[in-house]
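I'd like to go over a predicted model; first the sequence, then the structure.
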Amino acid sequence: MSSRPLEPSPSGEPFAHWTARRCEQVERALEACLPGPATRPERLHEAMRYAALGGGKRVRPLLVYAAGELTGAPQAALDAAACAIECIHAYSLVHDDLPCMDNDVLRRGKPTVHVAYGEATAMLVGDALQALAFESLAGTLALGVAAPAVVAMTLQLARAAGSMGMAGGQAIDLEAVGETLPRQALEDMHRRKTGALLGASVELGAACGQAPDAGQARWLASYAQAIGLAFQVVDDILDVVGDAAALGKTAGKDAEQGKPTYVSVLGLAASRQLADTLLFQARDAVAALGPRARRLGDIAELIVLRQS
């Protein structure tokens, strides 16, 4: 992996081409980061690769790379941070799909990990991916990132994944089954469950490069808050209007399980309006950050306008 700064994408490069390049980049980085399938214990490592490779939109790694373009971060450090984020995300999906939680059998168009490998192995896959995430992030110290920044990134990722972030949001989600949450409580749940890790993706990517000034940091935080919530609002909409083939996962599960969602609380039309409002907020932040943040703007559009 190279330690040279990540070059801003060519001004005329279509977003689809940029996305494809970055997705290939993180796939190669994950291939190198994950233990090989022939490494003992083979079944665990095979299942880890099954969970993490070859699927998904890779929105979180894309955010890492886009934020890194803004701050001139070394490419190799961004690869490591992107792997860390994607390992945490993959572990959360493996555990989220378990029978004791959402009991899903389809993820990214293929059987979930517990269906393919059994519940016990799925639990271990999640545990091991979480540990690997922090191992990857610690490796940025040898890739041009200053020690204080590595410590700060480790704290950011731990908080985003822990009881005050993603895991806490999942706990609230499980407790809320069959209940009607007020809008403020619903927003708090989703800012933790979904928004925290998306926000950490932006923070880690930016932190791999030159430290943002106070103004940049405020606009990055505003952007991260907007897209973090928008992602979940759109997910709730797609769970109602999408189909399993397009989504790559079971559609209609939220309503079936009695989970509170933006659609159940606000209605479909108001949820779509909220997603548009959050997109405008993200666009405002990108405009304030300047032309080097243009890919962050593209990703905001991708999040809100996606069909799967």
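Thanks, I have it. Residues are numbered from 1 along each chain as shown.

mind listing the strands for the stretch 51-200 of the chain?
106-107, 110-111 (DSSP state E, counting those that start in this stretch).

Just the pLDDT at Ser308, thanks.
Note for Ser308: predicted pLDDT of 79.

again but with Glu179, I slipped
Per the predicted model, pLDDT is 86 at Glu179.

OK, contacts around the nearest residue to it once chain neighbours are set aside?
In this structure, Glu179 finds its nearest non-sequential neighbour in Pro260, 6.4 Å apart by Cβ to Cβ, 6 or more residues apart in numbering. Quick note: C-beta positions are derived from backbone N, CA and C, even for glycine. Counting by Cβ atoms under 8 Å, 6 or more residues apart in numbering, Pro260 touches 176, 179-181, 186, 189.

which one among those residues gets closest to Gln156?
Met189 (20.2 Å; Cβ to Cβ).

separation between the closest residue to that closest one other than its chain neighbours and Lys57?
Closest residue to Met189 apart from its sequence neighbours, by Cβ to Cβ, 6+ apart: Ile172 at 4.5 Å. Distance check for Ile172 against Lys57: by Cβ to Cβ, to the nearest Å, it reads 25 Å.

Which one of these two is surrounded by more residues?
Set side by side, Ile172 and Lys57 show unequal neighbour counts under other Cβ atoms under 10 Å, the larger going to Ile172 at 18 against 15.

Who are the contact partners of that one?
Counted by Cβ under 8 Å, 6+ apart, Ile172 has contacts 185, 188-189, 192-193.

Which of the helices or strands spans the residue nearest to Glu179?
Taking DSSP states H and E as the definition, one finds Pro260 inside no helix or strand.

phi, psi of it?
The phi and psi torsions at Pro260 (degrees, to the nearest 10) take the values phi -70, psi 130.

where's the closest residue to Ala133 other than its chain neighbours relative to Ala51, distance?
Counting by Cβ to Cβ, 6+ apart, Ala133 lies nearest to Cys87, which is 3.8 Å off, once chain neighbours are set aside. Distance, Cys87 to Ala51, by Cβ to Cβ: 9 Å.

who touches both of the two?
Residues touching both Cys87 and Ala51 by Cβ under 8 Å, 6+ apart: Leu129.

which outside residues touch stretch 186-198?
In contact with stretch 186-198 (Cβ under 8 Å, 6+ apart) are residues 59-60, 63, 85, 88-89, 92, 159-161, 164-166, 168-170, 172-173, 176, 181, 224-225, 227-229, 231-233, 235, 260-262, 265.

among the residues you listed, which are in helices?
59-60, 63, 85, 88-89, 92, 159-161, 166, 168-170, 172-173, 224-225, 227-229, 231-233, 235, 262, 265 (DSSP state H).

from memory Met48 sits against Cys33, does it?
No. In this structure, Met48 is not within contact of Cys33 by Cβ atoms under 8 Å, at 10.2 Å.

hmm, back to that, show me what contacts the residue nearest to Ala133?
30, 33, 52, 129-130, 132-133, 136.

Closest to Gly109 out of those residues?
Among those, and counting by Cβ to Cβ, the member closest to Gly109 is Ala52, at 15.2 Å.

now the strands of the stretch 51-200 of the chain in JSON lines, with mean neighbour count, mean pLDDT and distance to Trp219?
Formatted as JSON lines, these follow (neighbours: other Cβ atoms under 10 Å; pLDDT from 0 to 100; distance: least, Cβ to Cβ, whole Å):
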{"stretch": "strand 106-107", "mean neighbour count": "21", "mean pLDDT": "91", "distance to Trp219": "34"}
{"stretch": "strand 110-111", "mean neighbour count": "14", "mean pLDDT": "94", "distance to Trp219": "38"}
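
Dump those to TSV, plus distance to Thr121.
Below are the strands of the stretch 51-200 of the chain laid out as TSV (distance: least, Cβ to Cβ, whole Å):
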stretch	distance to Thr121
strand 106-107	15
strand 110-111	13
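
right, so of these, which gets closest to Glu119?
strand 110-111 (13.0 Å).

what are the pairing partners of the closest one, and which direction each?
Partner strands and pairing direction for strand 110-111 (DSSP bridges) are strand 106-107 (antiparallel).

what separates the strand it pairs with from the chain centre, distance-wise?
17 Å (Cα atoms, centre = their mean, to the nearest Å).

closest one to Gln273 among the strands of the stretch 51-200 of the chain?
So among these, strand 106-107 is nearest, using Cβ to Cβ, at 29.6 Å.

Please tell me how far the residue nearest to Met189 sits from Arg191.
In terms of Cβ to Cβ, Ile172 sits 11 Å off from Arg191.
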